[in-house]
Structure formats: C-alpha cells, structure tokens
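Asker: Make a model of this:
(chains A and B)
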Amino acid sequence: MSNETVIKLDNVSVFQEHSAVVNNINLEVKKGEFVYMIGKTGSGKSSLLKTLYGELPLKQGEATVAGFNLKNVKRKEIPFLRRKLGIVFQDFQLLSDRSVYENLRFVMKATGWKDEAAIKKQIDSVLKKTGLENKGQKMPYELSGGEQQRVSVARALVNSPEIILADEPTGNLDPETSSEIMSLLLDIAKSGTAILFATHDFILYNKFPSRTLKFENGKVEQLG
Amino acid sequence: MANKSTISKLKTSSATVIVSLSLVLFMLALGGWFLINTKKLTGYLKENIGFQIYLKETANESDIEKLRKDMDAAIYVKSAVYKSKEEAAEEMKKETGDDFVAFLGYNPLPVSINVNLKSEYANPDSVAWIEKEITTNRIVREVVYQKVLIDNVNDNAKKIGLIVLFFSGLLVVVSVGLINNTIRLSIYSKRFLIHTMYLVGATQGFIRKPFILKGIRNGVISAVLAMGMLAAFIYVVTRYIPELLVVQDENWLLILFGIIILTGIIISGLSSALSVRKYLRLKAEDLYF
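Answerer: Below is the predicted model of the structure:
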C-alpha cells in the first residue's frame, strides 16, 4: 500500500437537502486501501459517497478527493472529478440500450479516449480481469445479477481510477456471488486502487475483514 | 432493469417520434400552403380586375399607339390591350347576339385600351391616382372601372388574409408545443440513462451531442415525410380542383420546404437539447417524479 492520500476529509458534515445526516467526519484514505463503511440503511453511507462524487454539494468541512477540493469544485468540473473515480452501484446502473462492450466504450470515449485499438485493448483487459471475457457482446439484460455487477466493476476500472466508490454493490446479490464480487474488489485494491465499500452486510464484513468505518447516530466511528 | 421488451420500445420510440413529428409538420406545411395560396389567389383575383380607357373619336393612330406603349411601360400595368371599334362591336355582337351596327347604321363604340393592373396597385387609392394620371392625357375620353368590385376584393382579401395568418400563427404555436412535448416524452424515457452517463464522467456536452444530432436527424426525416404528404395532398386536390394550378407557385413551395425542414431541425434539436439539460440538472431521486 502506498502512503499517498487519495481521500481526505476534515470535519465534513453530509447534508440531504437542508438537514445533516452525518456530522464531523474526519477520514484519510490512502492508495490501495480497502475501507468498509457499515451502518443501517439511512445512516448516511450513500450520502457520504454521493458527496464524494459530487452528486451532493459539500456544505460543511473540507474534503479533497483525487486531488479535487470539493469545497471549490465547480459544476462543470464534476465530470473530471468522476473520471478519477470508479463508481459501483447496488442497482448496477448500466446503459441498458447497449452491449457490455459499448457500455465500457462509452465511458472511455466520454473521457477522451480516441484510439479505437487502444480502447479495445483496455476493454479486453478489464473484461478479462473481471471474468467477463466472453460477455462483451451481450446486452445487460442477458446477464445474471452477478455478471451485471461485474460489468459495473469493469466499467469502474476501465479508466484505471485512483478510487472506487462502491455503494452497496452486493445488496442485490446472493451470498456466493457477493463473495466473488468482494474477492474481485479486494484484488483491485491490492493493485493500488483505494476502495470505499458501503454495506450493511455484516457477514461479508466478517468474512473479509478490513479497515472499517461505522455509521451510527449521525456519527462515524473507526473500528479496528 | 431493462428487458427485451424495454429495448424494443426504446428502438421504436424513435419511429414514433418521427411519425408524430411528420404529422405535426404536415399540418404546419398545410397551413403554410394555404397562406401562400391565399396570397397568390388574392393576387390573381386583383390582377383580373381591369379598367377600360375609352379614347376620343379624334385620337389619331400615332397618339393611340403612344398611349398603349406608355401603358405597357407603366410600373402599375400588368397588361394593356388595344381594342379597335370593330373588335369592340364584334365582341358586343357575340355577347348580345344582336347586330346593333346594322340596326343603327354606324358603330357607336369607341376605341379603347383594356388595362389589367399588377396586384399591388389594384387597390382603391392606387386606382384613383392612376385614373387621375390617365385622364390628363388629351386623347382619353374617360376611364371606366368598377370601384365597388375593387373595394370588395380588397376588403375580402384583407379579411381572409388576416384570418389565414391568425390560424397559421396558431398552428405554429400548437406545432411547437406538440413537437416539444413529443420529444420531451421520448427523452423522459431515457432520463436514467442520461443520469448514468453523467455519473460515469461524461461531460454535459458529450451527453447532449448524440441526442441533439438524433433530434436534427428526426427533424429532417419528418420534414421530408411531411412535404411528401403535402405533395400527395396537392396532387389529389388539384385533380379535383384544377383551377388551383393557376395559383400554384413552385418557388414558394421550395421556400415552404426549406422553412419546414428548418422548423423541424430547430424545434427538434432545441427541444432535445433542453430536455437533456433538464435531466442532467436533476438529482437521482428527482428522476422518479
């Protein structure tokens, strides 16, 4: 694990509309770290992630994510912040109107890749890494839930992000598939990408222990 | 999550948009065609309004020829036709069936020049000053025209023009509203896709571009289909009312074609851009409402 800090939060409070859902978060995440965010539904895990990827504005505190100061980030800079991140959602959020390959190609084209040969090489590489070598031409609806989540992880990886923000990525999956996705994400973390993993699945947390933040009563407590 | 039926719906939504756009643009083109034809028809009616310049018995050939040439050259004249005493008598004989020259023993009809005005001068004010100007000529006995007819044609043309213009304007407003709604609905069905695109790092411009291009493409296809429908409509109508061919103007039809294509492109492209912009500004939870 490198010593380079990719996420730094100082006294951050997370707001939904006008009310704070979590207060005074202080956090430092280094490159290659795997950090759990556990807590009940509504405890503020997703809201913190949304704040980190610019969906919710940072109203209080100081936050730096992948070199972007969230306090000063302008609306038009948000896509550039997101290019440094990979985001994995519980409901996958794949582009349902195009194949797996085109889902990944869209992200690459959107983030400035022009050389089609390089795009193909990178997509083939991430599809292999996520165990989807033969699924490139499939449409999302032709895949199982676990496979769709792997596509979501592949999409998050395609731009070699510094950080992956995973919002309940195993929430819709059976225990066995959840473990597969976890193993995949842990492997990705070992290769140097920091991962913030929000979940309320304590079994998973016990099976794959790592640094943990507990969200409870509007506060964040560090465990272990 | 999308299934096969959803994908199929997404693909056919484009065809549905094109059909709806075509029908609305056809309505608009029809309104435009009525507007053009009303203008041409009133112009045609006005240009058929003529007046006669009756000349004095003492007028000699060269003076008459000079006046006819002056009339031909006047900016307000569409056509000036010389009519000799004999031609006038022959015409009247045909109309009445009586040989009044034989009955009277002489031809009382004067030499005349029949003048048809250009439509823009066939109004009471212009006709009054034209009459005044012509009567100053020493060989002119009198200028005869039907003032009431000119007044009526002008009044009715004005009223019909205003009514058609009002309905055309209304049609434009309704068309813009309908096209905008159709496109907004089509893009509404893709709001989650748009949001996801934004989440994975695409800029707003990158997301908007394909939607705008598709909007423009749909606008062009719809405008061509609409003009095809208009051409078919004109073909059928002129078969039953061949008189309409008289007022048909291909140049104006080409201009109308251009206007309809531009309207299709602008409204469709702009509506697409604005709709995508709206969904890019919404938060994920607001997309459900």
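
Asker: alpha carbons only for contacts and neighbour counts from here, please
Answerer: OK.

Asker: next one: stretch B:26-39 to chain centre, how far?
Answerer: 5 Å (CA atoms, centre = their mean, to the nearest Å).

Asker: which residues sit against that stretch?
Answerer: B:160-161, B:164-165, B:167-168, B:171-172, B:175, B:223, B:226-227, B:229-230, B:247-248, B:252-253, B:256-257, B:260 (CA atoms under 8 Å, 6 or more residues apart in numbering or on different chains).

Asker: Stretch A:67-74 too?
Answerer: With contacts defined as CA under 8 Å, 6+ apart, stretch A:67-74 is touched by A:6, A:52, A:54, A:57-59, A:61-64, A:81.

Asker: one step back: is there a quick ChimeraX command that grabs whichever of the contacts of stretch B:26-39 are buried?
Answerer: A single ChimeraX command selects the buried members of the contacts of stretch B:26-39 (16 or more other CA atoms under 10 Å in any protein chain shown):
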select /B:160,161,164,165,168,171,172,175,223,226,227,229,230,247,248,253,256,257,260
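
Asker: from the contacts of stretch B:26-39, which ones fall inside helices?
Answerer: When these are checked against helices (DSSP state H), the matches are B:160-161, B:164-165, B:167-168, B:171-172, B:175, B:223, B:226-227, B:229-230, B:247, B:252-253, B:256-257, B:260.

Asker: of these, list those near chain A.
Answerer: For chain A, no contacts are drawn from these by CA under 8 Å from any CA of the partner chain.

Asker: phi, psi of residue A:29?
Answerer: Backbone torsions of residue A:29, given as degrees, to the nearest 10, read phi -120, psi 130.

Asker: swap in the one 5 residues further on?
Answerer: Backbone dihedrals for residue A:34, given as degrees, to the nearest 10, come out at phi -110, psi 120.

Asker: That one: neighbour count?
Answerer: When counting by other CA atoms under 10 Å in any protein chain shown, one arrives at 25 neighbours for residue A:34.

Asker: who's in contact with the helix or strand harbouring residue B:103?
Answerer: Using DSSP states H and E, the element containing residue B:103 is helix B:100-104. With contacts defined as CA under 8 Å, 6+ apart, helix B:100-104 is touched by B:89, B:93, B:107-108.

Asker: Just the buried subset of those residues, please.
Answerer: Buried among these by 16+ other CA under 10 Å: residue B:89.

Asker: Just the contacts of helix B:100-104: which are in helices?
Answerer: Using DSSP H, B:89, B:93 are the members of the contacts of helix B:100-104 that sit in helices.

Asker: which of the contacts of helix B:100-104 sit farthest apart?
Answerer: B:93 and B:108 (12.8 Å; CA to CA).

Asker: now the residue of chain A found nearest chain B, nearest residue through space, not along the chain?
Answerer: Residue of chain A nearest chain B, by CA to the nearest CA: residue A:79 (4.3 Å). Distances taken as CA to CA, 6 or more residues apart in numbering or on different chains place residue B:201 nearest to residue A:79, at 4.3 Å, with adjacent residues excluded.

Asker: Could you pull up the residues touching the one you found?
Answerer: Residue B:201 is in contact with A:78-83, A:107, A:110-111, counting by CA under 8 Å, 6+ apart.

Asker: go again using 6 Å as the cut-off
Answerer: With contact set as CA atoms under 6 Å, 6 or more residues apart in numbering or on different chains, residue B:201 has these partners: A:79, A:82-83.

Asker: out of those, which is most surrounded?
Answerer: residue A:83 (27 neighbours).

Asker: Would you mark the buried spots in the helix or strand of chain A with the lowest mean pLDDT?
Answerer: Within chain A, confidence by mean pLDDT, DSSP states H and E is lowest for helix A:202-207 among all helices and strands, at a mean of 83. Residues residue A:205 are the ones in helix A:202-207 that count as buried (16+ other CA under 10 Å).
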